[in-house]
Every structure is written in structure tokens, then in C-alpha cells.
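> Structure of the sequence below:
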Amino acid sequence: MAKRTRAKLTQPKSNYFVGDKASISFVSSGCTLLDTRKLRNAYCSQRLTSSKRSIPFLLTFEEWLRIWMDSGHLDERGRGSEKYVMARHEDKGGYSIGNVKIIMWIENVREGLVGKKRPREVVEKISAKLKGKKKPRGWVEKVVAAQRGRFVTFETRKKLSAVGMGRIPWNKGKLIGPFSEEHKNRISASVRAHFSRRDHA
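Numbering: from 1, shown residues only. Okay, the predicted model is just below:
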């Protein structure tokens, strides 16, 4: 009895169209059927997560994919300090055309925490985990590029102001200066090292 083989579900490197409807979205050259399935799975996953959070998800797969492609960060989707996600403007309304944006994951986390206060145990746990951990090379530049040209609305400014209201400054009651020569030299060396790394990045 002849052995049956399973055909590979890949397309040759050529122009490939995504979707099975009349309004098909064009994907760049080199996209395979496997890549398309991964993207559709990612779309379904986000739609399911949105449903669990009782947030309307009004984007079709073609619209969702077009937004990602236009952002230029389709290959950088995911969770992590250098990844990008699809978020809603001010976390209001549903996922629909005109109410979504592609931003860095860390920026989306920060926006979600505006107006919320973490328990002290959680803060201490996060602090201990991040202590001594350095940011990857180029991380600062990516954050700056993502923030460039961004407009902060009046409502967001009010939220940020409310969060900081009543917060005790870190230097309250502490004697700052005059610094010793040794301390000044350490600060100077640290600043020079920082700018030296940035210039060679």
C-alpha cells in the first residue's frame, strides 16, 4: 500500500492575497500560506480577548491587517519592551477604524495604569525583579521615535495630574548637596559614559 504524504501548505515567493472575500488585502511579496494563517490566528485571538473584556471588536480581518501594514510594525507585533500592539484611543470605545492606533507595548501598559494604584506588595515585587536590569541597546531611541509627534489630549493631562496629586516627592526631607569632589567625579563619569554609549549606538 502506497504511503500517503501530506502536502506542504506553503506558497512560492510571489505576490500573495490574503482572505477569501471580494475585498482581498494585498500582502508583500514572499508571504506564505502559513504566514497568512498565523496572522489570521492573531486576529482571532485579539477578537476573542476583546470579547472576554466586553469590548466591541468591529474590525474585519482585512481592515485589521491593513492597519498593521500601514503602521510598518507588522513584524514587531507582540508583548515586550520593544514590541508593538494595537490599542484604542484613551482606552475608550471599541476596536474600530479611526479609534485604534499602533503603539509600543510599554506605552500601552503605561496608559492602562493611569489613574490606578498598585498594591505595595506588587510594586516591591516588580522593583526587585527590575533591579540591576539594563535596557537593551536602542530601546531609548525607539521610545523617543514612538512618542515623536504625539499629541496628549486635555483629558489625558487631567488624568496624569490626578495621579500625581498628593504624591510625596522622593527628595522631601533629604539633604541634597553640597556634593563632595568624589561624588561629583562619579556623576561626571556616569554622564560621559552614557553619552559615549549613545553616540556609538
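
> all helices for the chain, in order.
In the chain, the segments counted as helices under DSSP state H are 33-52, 61-71, 105-113, 120-130, 139-147, 154-164, 181-199.

> Distance from the chain centre to the last one, please.
In this view, helix 181-199 has its centroid 30 Å away from the chain centroid, taken as C-alpha atoms, centre = their mean, to the nearest Å.

> Can you tell me what sits against that helix?
140, 179 (C-beta atoms under 8 Å, 6 or more residues apart in numbering). In this view, the C-beta of every residue, glycine as well, is placed from N, C-alpha and C.

> what angle do it and helix 139-147 make?
60 degrees (axes from the mean of the first three to the mean of the last three C-alpha atoms, to 10 degrees).

> quick one, what contacts the residue positioned nearest the centre of the chain?
By C-alpha atoms, centre = their mean, the chain has its centre lying nearest to residue 105, at 1.7 Å. Residue 105 makes contacts with 78, 79, 80, 81, 83, 84, 85, as judged by C-beta under 8 Å, 6+ apart.

> now do 10 Å
76, 77, 78, 79, 80, 81, 82, 83, 84, 85, 87 (C-beta atoms under 10 Å, 6 or more residues apart in numbering).

> which of these are buried?
76, 77, 84, 85, 87 (16 or more other C-beta atoms under 10 Å).

> Any chance of TSV for those residues, columns pLDDT and distance to residue 161?
Putting these into TSV (pLDDT from 0 to 100; distance: C-beta to C-beta, whole Å) gives the following:
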residue	pLDDT	distance to residue 161
76	89	32
77	90	33
84	92	28
85	93	26
87	92	22
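
> out of the helices of the chain, deepest packed?
helix 61-71 (a mean of 17; mean count of other C-beta atoms under 10 Å).

> and that helix, how far from the chain's centre?
16 Å.

> now that helix against helix 33-52, angle please.
110 degrees.

> tell me which strands and helices helix 61-71 is in contact with?
strand 16-18, strand 25-27, helix 33-52, strand 84-88, strand 100-104 (3 or more C-beta pairs under 10 Å, 6 or more residues apart in numbering; DSSP states H and E).

> any idea how far residue 75 is from residue 41?
16 Å (C-beta to C-beta, to the nearest Å).

> One more: residue 164?
For residue 164 relative to residue 75 (C-beta to C-beta), the value is 37 Å.

> What of residue 151?
For residue 151 relative to residue 75 (C-beta to C-beta), the value is 27 Å.
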